[in-house]
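Asks: Model the structure of this input:
(one chain, ligands or ions: 1)
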Amino acid sequence: MILEVDIRHEQGGFVLQARFQSGGGLTALFGPSGSGKTTIVNAIGGLVRPEHGRVVVQDRVLVDTKKNVFVPKHRRRIGYVFQEGRLFPHLDVRQNLLFGRWFTPRRERTANFDHVVDLLGIGHLLERRPSTLSGGEKQRVAIGRALLADPQLLLMDEPLASLDEARKAEIYPYIERLRDEGAVPIVLVSHSVAEIARLATSVVVLSEGRVTASGRASEILRHTDLFAQVGPAEAGALVEAQILRHEDGFGLTILQAKAGLLTVPRIERPIGAPLRVRLRARDIILSLHRPEGLSALNILPGRIASIDDTGGPSVDVMLECGGDAIVARVTRRSVRELGLAPGLAVHAIIKSIAFDPEALGSVAPHDV
Ligand SMILES: Nc1ncnc2c1ncn2[C@@H]1O[C@H](COP(=O)(O)OP(=O)(O)OP(=O)(O)O)[C@@H](O)[C@H]1O
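Replies: Coordinates of the predicted model:
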């Protein structure tokens, strides 16, 4: 395990009791405001001393209250990226980047300056002062500074929250590259299901100081009820696909997934590029027969695997479509009227414009 957290901590009237493990890649901490995400990040980073429990990063025990172990924060080798970058205004980008290394013992310095600069696409910014950078550029420099300290884990507490959608879209590919390189595991705090769908390898869902679910992103995001407080409408399946061809005249791209072909608004990536696609549960309609004369371009045949009924007016219908697990959110009434039940053959229908470009991320092999 790359990360093990099992802590109990009280602050004010709030009790955090969190236990989860993560195998690397990017672990997203998700939950409503006040659910304890920052407290967990601070316990991992050494800014909060938990009353009880253990924190282990890459087999190094950082906290074990039973054995009275508490590694101070400057000795933890944990990188931190905050919402607002926190670069030094009087230093240029190169000096800001190099500053990260001063705290790492010389013999433990393995991060290569040129590689990090290249990974984050900041080579052209090295002589600039932070005040002249865009919000997205500042965050890339802040990530670079953290990486150059050779961290064993990178903590990112809502690093993109202050950026607009365009700036976020600009920075996602760099976080994906970092995740897919696999050299440094990442813990990311996020409020955005779209962001998590795009970036996370695994997800920990928190509510009132407790972990309500944790596991692979593709597994967790299928359960829309877990996201009830912050937007169940955004949850859904994650499937892996490849770019098959572009239809230039129509501004469309055709993707091949196990479930079948998906037609989406044009994506500027080469043929064969692997992608992670989010299929929002609310965007999927079910039909008992293959529809004819329909304008929606995506019709995926499948079978109902199970029905997740948590008691509300809508239910999640889990589908198995040619090896891809897909979920449709439908009304309880539809379940009855269509006679939906496990084992039944159905067709899942998705409008092409339902695909949110923000949620079409690149993917490492076997990541979904
Ligand atoms: N130093 C403190 N003393 C007392 N209570 C605190 C302290 N820090 C945080 N809390 C409380 O602990 C709870 C969890 O806070 P935390 O910041 O971990 O939540 P969060 O999920 O990160 O929220 P947000 O998304 O709003 O940042 C909140 O009720 C908060 O008021």
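
Asks: alpha carbons only for contacts and neighbour counts from here, please
Replies: Noted.

Asks: Write out the residues of the chain neighbouring the ligand.
Replies: Listed as neighbours of the ligand in the chain under the rule C-alpha under 6 Å from any ligand atom: Q11, G12, F14, P32, S33, G34, S35, G36, K37, T38, T39.

Asks: what's I271 in contact with, if anything?
Replies: Neighbouring residues of I271 by C-alpha atoms under 8 Å, 6 or more residues apart in numbering: Q242, I243, L244, R245, H246.

Asks: for the record, mean pLDDT for stretch 165-179?
Replies: Across stretch 165-179, pLDDT averages out at 84.

Asks: Check the gap between S134 and L126 for me.
Replies: 14 Å (C-alpha to C-alpha, to the nearest Å).

Asks: cool, I349 as well?
Replies: I349 is 49 Å from L126, by C-alpha to C-alpha.

Asks: now do D157
Replies: D157 is 25 Å from L126, by C-alpha to C-alpha.

Asks: The two: which is more packed in?
Replies: Remark: of D157 and L126, D157 carries more neighbours, 22 against 15, as counted by other C-alpha atoms under 10 Å.

Asks: need the contact list for the more buried one.
Replies: Contacts for D157 (C-alpha under 8 Å, 6+ apart) come out as T38, V41, Y80, V81, F82, Q83, L188, V189, S190.

Asks: show me where pLDDT drops low in the chain?
Replies: Low-confidence segments of the chain (pLDDT under 70): 85, 229-233, 293-296, 353-368.

Asks: Next, count neighbours for the closest residue to P130 other than its chain neighbours.
Replies: Spatial nearest neighbour of P130, excluding adjacent residues (C-alpha to C-alpha, 6 or more residues apart in numbering): P89 at 5.7 Å. Look at P89: counted by other C-alpha under 10 Å, it has 12 neighbours.

Asks: show me what contacts P89?
Replies: Contacts of P89 (C-alpha under 8 Å, 6+ apart): R129, P130, S131.

Asks: So among those, which ones count as buried?
Replies: R129, P130 (16 or more other C-alpha atoms under 10 Å).

Asks: how is this structure carved up into domains?
Replies: When the chain is parsed into structural domains using the TED database, the resulting residue ranges are 3-231, 237-362.

Asks: and the nearest residue to D64 once chain neighbours are set aside, bridged to which residues?
Replies: The shortest distance from D64 to any non-neighbouring residue, by C-alpha to C-alpha, 6+ apart, is to R54 (4.4 Å). With DSSP bridges as the criterion, R54 is bridged to D6, D64.

Asks: what comes up buried for stretch 156-176?
Replies: In stretch 156-176, counting by 16+ other C-alpha under 10 Å, buried: 156-161, 163, 168-169, 171-176.

Asks: Quote the end-to-end distance of that stretch.
Replies: 14 Å.

Asks: what about stretch 309-328, start to end distance?
Replies: 12 Å.

Asks: What are the contacting residues of it?
Replies: Contacts for stretch 309-328 (C-alpha under 8 Å, 6+ apart): 222-225, 236-239, 257-260, 279-286, 300-308, 329-332, 348.

Asks: For PyMOL, what selects the buried ones among these?
Replies: In PyMOL syntax, the buried subset of these is picked out as below (16+ other C-alpha under 10 Å):
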select buried, resi 222+223+224+225+236+237+238+239+257+258+259+260+279+280+281+282+283+284+285+286+300+301+302+303+304+305+306+307+308+329+330+332+348
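
Asks: Just the ones of the contacts of stretch 309-328 in strands?
Replies: Using DSSP state E, 236-239, 257, 260, 279-280, 284-286, 300-308, 329-331, 348 are the members of the contacts of stretch 309-328 that sit in strands.

Asks: Taking the stretch 51-200 of the chain, what residue is nearest to the ligand?
Replies: H191 (7.1 Å; C-alpha to the nearest ligand atom).
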